[in-house]
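[1] Quick one: sequence and predicted model below, then my questions.
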Amino acid sequence: MANVSNNEANISVQCDDQVPACSNCRRIGSGEHMDALCPKEGLNNRARIVVCLVEDPATKRQQPRNYLETLEERVRFLEEKLRESDLEGSTASPSNDASASFRRTSSEQHELGDLSSMIGTLSLSAAGAEPHYLGSSSVFAFARFVEPSLRQVVSSIPPSRTDEGSSQPSLLNPCPLPDYQTAARLSNAYFQNIHPQYPFLHEPTFKTWESALKSSLDPFEVLEYKYVPIYFLYMVYAVGALLLPTPGCSPERLYASALLYIDEILYHDNLECIQAILCSATYSLRSSKGTSHWKLAGQALRQCINLGYHRDQNRLRLARSQVQSELQKRAFWSAYSMECSASLLLGRPLSLRIQEIDLPLDLEDSCFTKTGLYESPRTSSEPPTMMTHAIHGFRFRNLLGRIHSTLYSDNTATDFDRRDAHIKDLLEELDKLMASRPLPRSPPDGGALSFFTTPDWYQAVYDSAILQLYRFHITDTQRPIPPEVITKCMRAAKSACHSYRRQFLGTPTTPTWGALHELFMAGLTYLYCLWKAPTVRDSLRHDQISSTCTDCTMVLVIMAERWKDAAPYRDVFEALASRTMTMIADKQQGKEAAPTWFATEQDQYSADLPEWMAGIADSGISLGVDLLLSGLGDDFSFSGTGEGDDGSWDRADISTMYQM
């Protein structure tokens, strides 16, 4: 028994050593006694998290009393997943499958139980904010949320060809941090190519953590085994390894190692938690495996909203330092940009419509630390900084999000006059934004590894916005397509294909899922306009059309070589372009276009095309691609493998395929 004093009464409680919380702590957490403390370890009662915490005498860090048991259970779970991956190529009996499923379910339920026990209510630090509830659907459940990414990486590894007794480690064994020279190369790749677009980390702080690798001591000891620096070191190196053609270490192993430290960070509902989620989203954005970056970015954005990062902090007079406010705004806008880009790619509604733009200050990372700002923000007459480009990128993403929300809502689609007025206003704003873009930066050391850091990025995103503005015009079956709209769309599509070819052919620039989608959309729009506008088509030379189609095909081939999931995009466009060129040649020779998809020498495409299109649908597809492919169904028939009575795929068939 022990007496614990508070402002109201002396309460005697006794610890019975139950986990994750003793019975008294559990009762206290339910609200019966707000300020009683467990006499042995203490309860974080202010947050009302139902778990007993013990202070580590070495690190002075509080952690759950069953912390060691939880880690051991997690290690057992990961080892089980590795064993299952080794047996992936063999045929397991139903009883073995059931046994493995039972073991996996038991482990996951145990982990979920631990996470679900850590629920309670927290109050926003902002004055006047309402308390919010953190249950099993909050960031505490994010540990299970990112678990599929590790499972996907495991399942992608081919079975080992070495003898069973080989000493070679599994690709996903936790790996040590790289040596300082390798680490610096990886982090430089990240901060020179990713950070300018998504500046949610503070580079000087990261470099301080990285300096621990210079020591002759164990870097984990130098970092005092703190989860935050160790996690971010691993994650930045994992993303850097994805960027470099010869990284010197496995990005998958670095990523798997980082995930071992994420639980402790996600335990806290703060800026570091959001930064951790954004790091995982950045990895998924450039990896063929991993949790959906749309889900991750959306989770980070919702956490930003939950903590009030989206609000005008000056107007609301929130009690935050200027440095803290800047880092929070950077995290919010990075999350918004990622989520907006992914939503447009997948044709999904945005989580947030931004009316008031409270952008970060135009400051380099070196101009501020936790203690304060060292310089004033950049003025318009000064050379652009890294943040100048980031802020302009945020403005572009915000405008693209507004185009999506304004033009692609159901009520706008049927109101032609209203839609045309919106297009006029949005186009005027887009042109102003393009005209005010900053001068290009010098390319990073070793060349640009990210499309954002190249001079062509602004032109490509402008072209994408033009296509998004007029897509409803060219796919509208109720009104004739104005020739000037066709011309604008073809010019934008051609420009986009050329921009992607310049930056991805023979350069170290690495592709992303967003780049794949935008390129495919541009190429598809170009072909669509060729079929729908004979007058415009006849005004173009054959070599001009061939050059644009070749540019798009070549870049799609490059992307498919890196990601097998990009192969359907390559195959579909190659088939469409081949048929289009045949149609144009036939027209120029005075022949009628063939009534079926392909000429005799192209029959090999007909059987595979529906499967390729289904592959695109499986990987996620936007409304724009759906509309374009559905519209092309009026001009083409897919002979040989169709579902209709006549052996062809009609417009309804294509539309249905992309709604599955």
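    Perfect, thanks for sending it.

[2] Pretty sure residue 465 sits against residue 399.
    Yes. Counting by CB atoms under 8 Å, residue 465 touches residue 399, with 6.9 Å between them. (Each C-beta comes from the backbone N, C-alpha and C, glycine too.)

[3] Can you pull out the low-pLDDT segments for the stretch 351-500 of the chain?
    By pLDDT under 70, the low-scoring segments of the stretch 351-500 of the chain are 355-357, 374, 409-414.

[4] Would you mind pulling the contact partners of the strand or helix carrying residue 183?
    Residue 183 belongs to helix 180-193 when elements are defined using DSSP states H and E. Residues external to helix 180-193 that are found in contact with it (CB atoms under 8 Å, 6 or more residues apart in numbering): 177-178, 203, 206-207, 210, 213-214, 233, 236-237, 239-241, 243-244, 247-249, 444-446, 448-450, 452-453.

[5] now swap in stretch 513-525 and tell me
    285, 293, 341-342, 345, 451, 460, 463-464, 467, 471, 474, 489-490, 492-493, 496-497, 500, 504, 548-549, 552-553, 555-556, 559, 563, 566, 569, 573, 576-577, 622, 624-625, 628-629.

[6] Which residue ranges make up each domain of this structure?
    180-372+383-408, 473-657 (automatic domain parsing).

[7] would you turn the ones you listed into TSV with mean neighbour count and distance to residue 415?
    Formatted as TSV, the domains of the chain follow (neighbours: other CB atoms under 10 Å; distance: least, CB to CB, whole Å):
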stretch	mean neighbour count	distance to residue 415
domain 180-372+383-408	20	11
domain 473-657	18	12
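
[8] Between the ones you listed, which one is closest to residue 418.
    domain 180-372+383-408 (9.7 Å; CB to CB).

[9] rewinding a little: where among the domains of the chain is the average confidence lowest?
    Of all the domains of the chain, domain 473-657 carries the lowest average pLDDT, namely a mean of 73.

[10] a markdown table for the domains of the chain, including distance to residue 77?
    Below are the domains of the chain laid out as a markdown table (distance: least, CB to CB, whole Å):
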| stretch | distance to residue 77 |
| --- | --- |
| domain 180-372+383-408 | 11 |
| domain 473-657 | 27 |
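
[11] tell me what the helix or strand just after the helix holding residue 183 is packed against?
    Once the chain leaves helix 180-193, the next helix or strand it forms, by DSSP H and E, is helix 203-210. Secondary-structure packing of helix 203-210 (3 or more CB pairs under 8 Å, 6 or more residues apart in numbering; DSSP states H and E): helix 180-193, helix 227-243.

[12] Please save the CA atoms from helix 203-210 in PDB.
    Extracted C-alpha coordinates of helix 203-210, given in PDB (Å, rounded to 0.1, in the frame of the first residue of the first chain):
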ATOM      1  CA  GLU A 203      18.400  18.600 -42.100                       C
ATOM      2  CA  PRO A 204      20.700  20.100 -39.400                       C
ATOM      3  CA  THR A 205      19.100  17.900 -36.700                       C
ATOM      4  CA  PHE A 206      19.400  14.800 -38.900                       C
ATOM      5  CA  LYS A 207      23.100  15.600 -39.500                       C
ATOM      6  CA  THR A 208      23.700  15.900 -35.800                       C
ATOM      7  CA  TRP A 209      22.300  12.300 -35.400                       C
ATOM      8  CA  GLU A 210      24.300  11.100 -38.300                       C
END
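
[13] Quick one: residues in contact with whatever helix or strand comes next after that helix.
    From helix 203-210 onward toward the C-terminus, using DSSP H and E, the following helix or strand is helix 219-222. If you take CB under 8 Å, 6+ apart as the criterion, helix 219-222 is touched by 177, 212-213, 215, 230.

[14] Among those residues, which one lies nearest to residue 73?
    For the contacts of helix 219-222, the nearest to residue 73 is residue 230 (20.4 Å; CB to CB).

[15] Among the contacts of helix 219-222, which one sits closest to residue 57?
    Nearest to residue 57 among the contacts of helix 219-222, with distances taken as CB to CB, is residue 230, at 20.3 Å.

[16] and the spatially closest residue to the closest one that is not a sequence neighbour, backbone torsions?
    Among residues not flanking residue 230 along the chain, residue 261 sits closest, at 5.3 Å (CB to CB, 6 or more residues apart in numbering). Main-chain torsions, residue 261, degrees, to the nearest 10: phi -110, psi 0.

[17] Go ahead and confirm residue 261 touches residue 225.
    No. Checked against CB under 8 Å, the pair residue 261 and residue 225 is beyond contact range at 9.8 Å.

[18] Would you mind measuring from residue 478 to residue 499?
    33 Å (CB to CB, to the nearest Å).

[19] tilt between the longest helix anywhere in the chain and helix 203-210?
    The single longest helix within the chain, with elements called by DSSP state H, is helix 322-346. Relative orientation of helix 322-346 versus helix 203-210 (axes from the mean of the first three to the mean of the last three CA atoms, to 10 degrees): 100 degrees.

[20] What is the next helix or strand after helix 322-346 packed up against?
    Sequence order places strand 368-369 as the next helix or strand after helix 322-346, per DSSP H and E. The contact analysis (3+ CB pairs under 8 Å, 6+ apart) places strand 368-369 against helix 322-346.

[21] Mind giving me the packing neighbours of the helix it packs on?
    Under the contact criterion of 3+ CB pairs under 8 Å, 6+ apart, helix 322-346 touches helix 271-286, helix 293-306, helix 313-316, strand 368-369, strand 372-373, helix 386-407, helix 513-532.

[22] how about JSON lines for the ones you listed, with distance to residue 185 added?
    Formatted as JSON lines, those follow (distance: least, CB to CB, whole Å):
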{"stretch": "helix 271-286", "distance to residue 185": "17"}
{"stretch": "helix 293-306", "distance to residue 185": "25"}
{"stretch": "helix 313-316", "distance to residue 185": "37"}
{"stretch": "strand 368-369", "distance to residue 185": "25"}
{"stretch": "strand 372-373", "distance to residue 185": "30"}
{"stretch": "helix 386-407", "distance to residue 185": "19"}
{"stretch": "helix 513-532", "distance to residue 185": "24"}
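
[23] Point out where the stretch 1-150 of the chain drops to low pLDDT.
    Residues of the stretch 1-150 of the chain that meet the cut-off, pLDDT under 70, sit at 1-54, 58-63, 65-66, 81, 83-150.

[24] Please identify which of the domains of the chain is closest to residue 79.
    domain 180-372+383-408 (12.4 Å).

[25] Now do the end-to-end distance for that closest one.
    49 Å (CA to CA, to the nearest Å).

[26] ok, the closest residue to residue 429 other than its chain neighbours - contacts?
    Once flanking residues are discounted, residue 429 sits nearest to residue 399: 6.3 Å by CB to CB, 6+ apart. For residue 399, the contacting residues are 426, 429-430, 433, 465, by CB under 8 Å, 6+ apart.

[27] Relative to residue 584, how far out is residue 399?
    Taken as CB to CB, the span from residue 399 to residue 584 is 35 Å.

[28] what's the answer for residue 429, then?
    36 Å.

[29] Please list all residues in contact with residue 333.
    Per CB under 8 Å, 6+ apart, neighbours of residue 333: 359-360, 390, 394.
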